[in-house]
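# Here is my input; please provide its structure:
(2 chains)
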Amino acid sequence: MLRVDVEKQLGEFSLQASFTGEGRVIGLFGASGAGKTSLVNMIAGLLRPDRGTIVLDGETVDDTAAGIHVPAWRRRIGYVFQDARLFPHLNVAQNLDYGRQMNRLAPDPAQHKRVIDLLDIGNLQGRRPGKLSGGERQRVALGRALLAKPRLLLLDEPLGALDEGRKLEILPYLVRLRDEANVPMVYVSHDAAELRQLATQIVMLKQGRVTSFGGVKVLA
Amino acid sequence: MSDISPAEWTAILLSLRVAIIATLVATPFGIALAWLLARRDFWGKSMLDAFVHLPLVLPPVVTGYLLLLTFGRKGLVGGFLADTFGIVFAFRWTGAALACGLMSFPLLVRPMRLSIEAIDRRLEQAAETLGAAPWKVFFTVTLPLALPGVLAGMVLGFAKAIGEFGATITFVSNIPGETQTISSAIYSLIQTPDGDAAAGRLVIVSIVLALGALIAAEWFARRATQRLHGN
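All right, here's what the predicted structure looks like:
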């Protein structure tokens, strides 16, 4: 369960959001500039709220009143960015293994195989990110985040940088991820159709405020 | 080149030793400073930046004289180091390495700083979300991506160190076998009536070393660009 109640001033823009998510996939919906990425960055721990609390599965990761701010690297919250952000000096296999090494997790061949099969990235292992297509890059980024065994997975417009054809190529993987990976997700998008397919719960954000909250019906 | 005399070899080898030690010792400090200047905002940052570049614009004889005042046997730091640790810089090859390291420092830091500035900070954020503590982010992402720039800085610093003259001769004088580098050997030779041929040979050695370093630095810079594009 994810409980967010935060305020943040970013220049002229003020973000004030409060919601509790319990679904498998919380869809964060809003136009660009609505504050979606800032909100997700706060959940990830990359951005500090000015005021408020963030609680994940009963653990307070942010509480400005109590002076609590768990740094991003201790949160175990995975993040898939719009631009993949694979490490260019590492090949695909090394990128995939990065989170496991950083968190000092024991090798888990069963999970490794499951994730690689789920995303169909077994044949890319030796390649450098520069030699991958946009869709392949995004699938590797998904795998990299999952293999770090996160408690929550944040996906910030993971299809945003892809053209229509590629989107249709990735979408089925995301559906499978939702149904099989067993990791709760926050899925950010400005595309209602995408969220209708993936989300189980919607948080609608408009100019830095939550305007509605509920089932996928609120998208209508 | 086969008729390089033993005395000239001594100067060449001494220059190489001085420049290599100067570069190796300066590198960790250079990386730390480059990172600080590229990634941190703090009070007095532009002052620090100017201070680092000072040896580039000060007359080398001034830098050498300041080194003599500070690190000489009667100097504040030099006296302390000599009495406490038995480390002496004045009129020793170690002093030449100190002078060369200081004089080449701005050139060594610059490519390192540029290559760290060129790294996409969002890659470092991605590493953080994957569980990497800040120091691990530095060693697994920042430093590997900056490596070609780090090497380019080392090569440039080395090239500058091997040719340093003014500060070195002021600080540690021109003692054959101890502090006489290629540059000070050339300086002595051209003041000697029959020194032209020997000076000419050392001049050629200097040009070859400097050109080689520039080509190497250029090659590393190109590698850096490729690395950042993930090929």
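# Quick check: phi and psi at the residue nearest to residue B:138 when sequence neighbours are not counted.
Distances taken as CB to CB, 6 or more residues apart in numbering or on different chains put residue B:35 closest to residue B:138, at 7.4 Å, once the chain neighbours are dropped. C-betas here are computed from N, CA, C, even on glycine. The phi and psi torsions at residue B:35 (degrees, to the nearest 10) take the values phi -60, psi -40.
# got a list of what residue B:35 touches?
Contacts here follow CB atoms under 8 Å, 6 or more residues apart in numbering or on different chains; on that basis residue B:35 touches B:116, B:138, B:142.
# so how far is chain B from residue A:188?
Separation of residue A:188 from chain B (CB to the nearest CB, to the nearest Å) stands at 14 Å.
# With residue A:86 instead?
On the measure of CB to the nearest CB, residue A:86 and chain B end up 7 Å apart.
# Just want the phi and psi numbers for that residue.
phi -70, psi 150.
# what's the answer for residue B:87, then?
Backbone torsions for residue B:87, taken as degrees, to the nearest 10, come to phi -90, psi 120.
# What of the one 5 residues further on?
As for residue B:92, its main-chain torsions (degrees, to the nearest 10) stand at phi -120, psi 160.
# Next, the contact list for it, please.
By CB under 8 Å, 6+ apart, the residues touching residue B:92 are B:172, B:178, B:179.
# Find the residue at the geometric middle of chain A.
The residue lying closest to the centre of chain A (CA atoms, centre = their mean) is residue A:154, at 1.4 Å.
# in which helix or strand would I find that one?
In the assignment (DSSP states H and E), residue A:154 maps to strand A:152-156.
# quick one: contacts of that strand?
Counting by CB under 8 Å, 6+ apart, A:2, A:36-37, A:40, A:43-44, A:56, A:77-82, A:145-146, A:174, A:181, A:183-188 sit against strand A:152-156.
# That one: partners in the sheet, and parallel or antiparallel?
The pairing partners recorded for strand A:152-156 under DSSP bridges are strand A:77-80 (parallel), strand A:185-189 (parallel).
# closest to residue B:214 out of the ones you listed?
Taking CB to CB, strand A:77-80 is the member of those nearest to residue B:214, at 42.2 Å.
# and for that closest one, what are the contacting residues?
Here strand A:77-80 makes contact (CB under 8 Å, 6+ apart) with A:40, A:43-46, A:56, A:99, A:138, A:141-142, A:145-146, A:148, A:150-156, A:158, A:183, B:126, B:129-130.
# Closest one to residue A:68 out of the contacts of residue B:92, please.
For the contacts of residue B:92, the nearest to residue A:68 is residue B:172 (56.4 Å; CB to CB).
# So the closest one sits against residue B:88, correct?
No - counting by CB atoms under 8 Å, residue B:88 is not a contact partner of residue B:172; they are 10.5 Å apart.
# low-scoring stretches of the chain, by residue?
Looking at chain A here, since you left the chain open. Along chain A, the model assigns pLDDT under 70 to residues A:220.
# should've been chain B
Counting by pLDDT under 70, chain B has low-confidence residues at B:1-2, B:230-231.
# now do 80
Along chain B, the parts satisfying pLDDT under 80 run over B:1-3, B:221, B:224-231.
# picking that back up, and the residue nearest to the centre of chain A, how close does it get to residue B:142?
23 Å (CB to CB, to the nearest Å).
# Then residue A:108?
Residue A:108 is 28 Å from residue B:142, by CB to CB.
# So for the two, which sits in the more crowded spot?
Taking neighbours as other CB atoms under 10 Å in any protein chain shown, residue A:108 and residue B:142 compare with residue B:142 leading, 22 against 13.
# Pretty sure the more buried one sits against residue B:116.
Yes - between residue B:142 and residue B:116 there is a contact at 6.6 Å, judged by CB under 8 Å.
# Residue A:28: helix or strand, and which one exactly?
Judged by DSSP H and E, residue A:28 forms part of strand A:25-29.
# Next, the buried residues of that strand.
Neighbour-count burial for strand A:25-29, counted by 16 or more other CB atoms under 10 Å in any protein chain shown, picks out A:25, A:26, A:27, A:28, A:29.
# who in chain B is up against chain A?
For chain B, the contact set with chain A under CB under 8 Å from any CB of the partner chain comprises B:120, B:122-123, B:125-134, B:136-137, B:140-141, B:144-145, B:227-231.
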